[in-house]
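# got a structure for you, letters missing:
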């Protein structure tokens with residue numbers, strides 16, 4: 001299928017061939033009839049992409065701050081790869097469309113194949129021929145409403161949520177600053193609510209359009225006509241609400257809002273304009289400044305948007321989905337008219353040219369629609385029927401050495417895979433990247449383009465059933481690791497799965513059962529730190545132990561950003577369950593054994609914000625104390641480790657410095673200057689590929705992988721039980 005994408009590094013816009021998305025549970029597969037270009041938000045992205053690197057940095061200082069934090073935590077080389085990989089990727093455009101349901105996923109009962117729906121979301125309602133949309137981001141289109149009008153559903157919801165935030169009442173007077181697409185819809189919604197509206201925009205054509213659509217008066221922000229109209233309508237008292245629907249760097253809108261507002265009026269920011277509030281003006285009138293967050297309650301909440309959990313109507317009357325349905329109803333009843341806003345309808349094949357004309361000013365428009373193949377008019381082609389695809393049956397073969405080149409498939413192509421794994425594999429001789437499987441079509445297409453995969457697909461069964469593929473990399477969300485690993489093992493593939501291997505004891509048992517059932521133990525978990533060159537050198541210098549050791553590992557993990565999927569503990573496990581295996585594996589490798597018990601305590605803290613102390617005991621009496629903290633200073637190194645035994649001390653400072661001290665006052669220092677941070681990913685991959693190619697032992701014994709996973713899970717159960725947890729020996 002085709003999709004509009006943009007490379008943020010080069011600014012290139014293209015209509016790209018990408019794999020069709022699959023229909024997952026909790027959503028529907030929608031074939032697009034019309035999608036709407038947001039001439040504000042999308043053109044801002046297009047313009048930013050065309051800037052120099054310095055210009056991009058100036059336009060997004062928040063992202064620059066994140067880059068600097070990453071440099072402090074991970075070093076310049078790793079951060080550079082991560083940033084460049086993200087910039088030099090195709091990103092999608094679009095977030096408002098109407099289309100026909102082609103396939104219905106499990107758990108959806110309110111629509112069926114053939115229904116017309118409006119869809120929302122900048123990850124789901126894209127300018128693409130086919131989109132998978134979760135249930136809280138689509139609404140059924142009322143009978144009789146034209147598909148091209150229903151495509152306005154998302155931007156209509158943005159305007160509607162802004163009006164709700166203003167809490168307008170019958171007889172109020174409102175000022176709308178900015179009469180682009182959102183502003184025009186706000187004018188109509190207010191007028192339909194019995195509010196008298198004054199509009200402000202420097203474009204006379206947009207002012208004239210707003211007056212035709214219900215505004216009492218409109219004018220240029222610099223003219224006296226606006227102030228005169230407000231004074232006439234309010235008796236000189238000022239407007240009840242101001243709706244900021246403008247963009248740009250000028251502070252004029254917020255200054256005008258203060259002048260035009262009545263005492264204790266409300267100012268609602270819907271767009272993205274400069275907000276340097278003049279303190280005296282806002283203080284003296286005690287103005288109430290409010291923000292309107294996109295389509296409504298539920299926006300940016302993954303439990304609502306992706307998990308499908310609705311908010312009870314008794315507590316949240318107007319959610320994203322209910323706003324979308326409400327706006328569609330207003331359209332169907334003629335209370336809002338979007339036809340006068342349609343400046344141009346372009347065939348989807350001309351998408352790139354349309355964007356260029358909009359950017360260059362050759363096409364002046366309030367709203368532009370893309371019309372997709374098969375939808376030349378309002379008559380809709382019949383929806384395709386869902387076809388059940390039988391499960392692929394594969395014959396498991398005994399362990400064998402792979403023929404050169406080693407053929408790899410990746411399941412998942414997210415940030416870690418594309419910044420820390422694939423750059424090493426793409427440059428390695430004797431490796432062929434055969435297939436990449438993702439649920440998001442564009443991420444697969446990006447990986448195929450950047451790393452040279454032979455195929456990008458959404459069909460996992462076909463990849464697992466392909467006898468030419470030697471090994472499968474599982475680099476997806478944590479909740480899917482165990483099941484995908486189990487499937488790949490049963491299919492006879494060697495498996496590299498990023499940590500964690502499992503989130504529960506049952507998941508771990510399921511993976512081990514698959515090993516026993518298939519006889520295939522070709523498994524590696526991404527515990528890369530034991531392969532770090534600096535740590536390998538330090539361990540060699542420390543030498544063999546004769547007595548028990550005491551190991552201290554401080555992990556300055558830091559706080560997570562709001563909205564991070566790591567915080568979704570009910571589905572993705574705790575933060576320690578996801579990352580703690582790294583540190584337990586490193587400790588066990590240094591101590592040369594698997595732990596026999598775990599004791600864990602934690603400070604009080606909000607979700608994902610507690611500090612965890614885990615003490616592990618080993619068969620020879622050694623102990624490892626792992627402090628996993630989120631409350632430390634961001635500038636402090638992420639990982640510091642000390643191991644003490646036999647009168648010697650090994651010290652590792654965040655994989656950039658290492659030293660070993662012995663009892664004779666001799667010491668070894670890895671380097672007087674900090675080395676480039678290398679946490680062992682490249683060496684780990686080399687060891688895995690060698691094992692697959694030669695048929696030799698996997699880099700880490702299965703027993704150790706299972707023991708580390710069990711110990712990581714025991715930390716969580718120990719926190720809940722408040723007592724030490726004895727670890728049973730796993731097979």
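Alright, I've got the coordinates. Note that the structure is predicted; figures quoted are calculated from it, not measured.

# any idea how far residue 612 is from residue 577?
Distance, residue 577 to residue 612, by C-beta to C-beta, to the nearest Å: 11 Å. To be clear about C-beta, it is placed using only N, CA and C from the backbone, and glycine gets the same treatment.

# what's the overlap in contacts for the two?
residue 715 (C-beta atoms under 8 Å, 6 or more residues apart in numbering).

# Please compare those two by neighbour count and tell me which comes out ahead.
residue 612 (24 against 21; other C-beta atoms under 10 Å).

# Report the beta-bridge partners for that one.
residue 602, residue 628 (DSSP bridges).

# Can you give me every residue that contacts it?
Counting by C-beta under 8 Å, 6+ apart, residue 612 has contacts 576, 580, 600-602, 626-629, 715, 719.

# Next: residue 590.
Residue 590 touches 539, 549, 551, 643, 650, counting by C-beta under 8 Å, 6+ apart.

# Does it fall in a helix, a strand, or a coil region?
For residue 590, the assignment made with DSSP: H, G, I helix; E, B strand; the rest coil gives helix.

# same question, residue 280
Residue 280 ends up helix, using three-state DSSP.

# How many residues are close by it?
Neighbours of residue 280 under the rule other C-beta under 10 Å: 9.

# and if you look at the one 10 residues further on?
Residues near residue 290, counting by other C-beta under 10 Å, number 15.

# helix/strand/coil for it?
Applying three-state DSSP: residue 290 is strand.

# wait, it sits on residue 268?
Yes - assessed by C-beta atoms under 8 Å, residue 290 is found in contact with residue 268 at 4.9 Å.

# Give the residues shared as contacts by the two.
Counting by C-beta under 8 Å, 6+ apart, the residues touching both residue 290 and residue 268 are 165-166.

# Specify which member of the contacts of residue 612 is nearest to residue 460.
For these, the minimum distance to residue 460 (C-beta to C-beta) is 28.0 Å, reached by residue 580.

# could you give the mean pLDDT of the one helix or strand that closest one maps to?
Secondary-structure assignment from DSSP states H and E places residue 580 in helix 575-591. Mean per-residue pLDDT for helix 575-591: 95.

# The lengthiest helix in the chain: which residues count as buried?
Ranked by number of residues, the top helix in the chain under DSSP state H is helix 702-721. Neighbour counts over helix 702-721 (16 or more other C-beta atoms under 10 Å) mark 702, 704-716, 718-719 as buried.

# and residue 264, how many residues sit next to it?
Residue 264 has 11 nearby residues by other C-beta under 10 Å.

# same thing with the one 10 residues further on?
Residues within reach of residue 274, counting by other C-beta under 10 Å, total 16.

# ok, now residue 467?
When neighbours are counted by other C-beta under 10 Å, residue 467 registers 12.

# How about residue 204?
11.

# Enumerate every residue touching it.
residue 220.

# any idea how far it is from residue 210?
For residue 204, the distance to residue 210 - C-beta to C-beta - is 11 Å.

# cool, and residue 479?
Distance from residue 479 to residue 210, by C-beta to C-beta: 48 Å.

# Give me the more crowded residue out of the two.
residue 210 (26 against 17).

# Tell me how far that one lies from residue 188.
Distance of residue 210 to residue 188, given as C-beta to C-beta: 9 Å.

# Same check on residue 115?
For residue 115, the distance to residue 188 - C-beta to C-beta - is 27 Å.

# Have a look at the two and say which one is more surrounded.
Ranked by neighbour count (other C-beta under 10 Å), residue 115 and residue 188 place residue 188 first, with 25 against 17.

# mind checking the SS state of the more buried one?
Quick answer, by three-state DSSP: residue 188 is helix.

# swap in residue 487?
With three-state DSSP as the basis, residue 487 sits in helix.

# In contact with it, which residues are there?
Residue 487 makes contacts with 460, 464, as judged by C-beta under 8 Å, 6+ apart.

# What ranges in the stretch 251-400 of the chain fall below the confidence cut-off?
375-400 (pLDDT under 70).

# Mind jotting down where the strands sit in it?
261-269, 272-273, 288-291, 342-347, 367-371 (DSSP state E, counting those that start in this stretch).

# and the longest one, which strands flank it?
When pairs are called by DSSP bridges, strand 261-269 turns out to pair with strand 239-244 (parallel), strand 288-291 (parallel).

# Which secondary structure elements does the next helix or strand after the first one sit against?
Next in sequence after strand 239-244, counting helices and strands by DSSP H and E, comes strand 247-248. Under the contact criterion of 3 or more C-beta pairs under 8 Å, 6 or more residues apart in numbering; DSSP states H and E, the helices and strands touching strand 247-248 comprise strand 272-273.

# Which other helices and strands does the strand it packs on contact?
strand 247-248.
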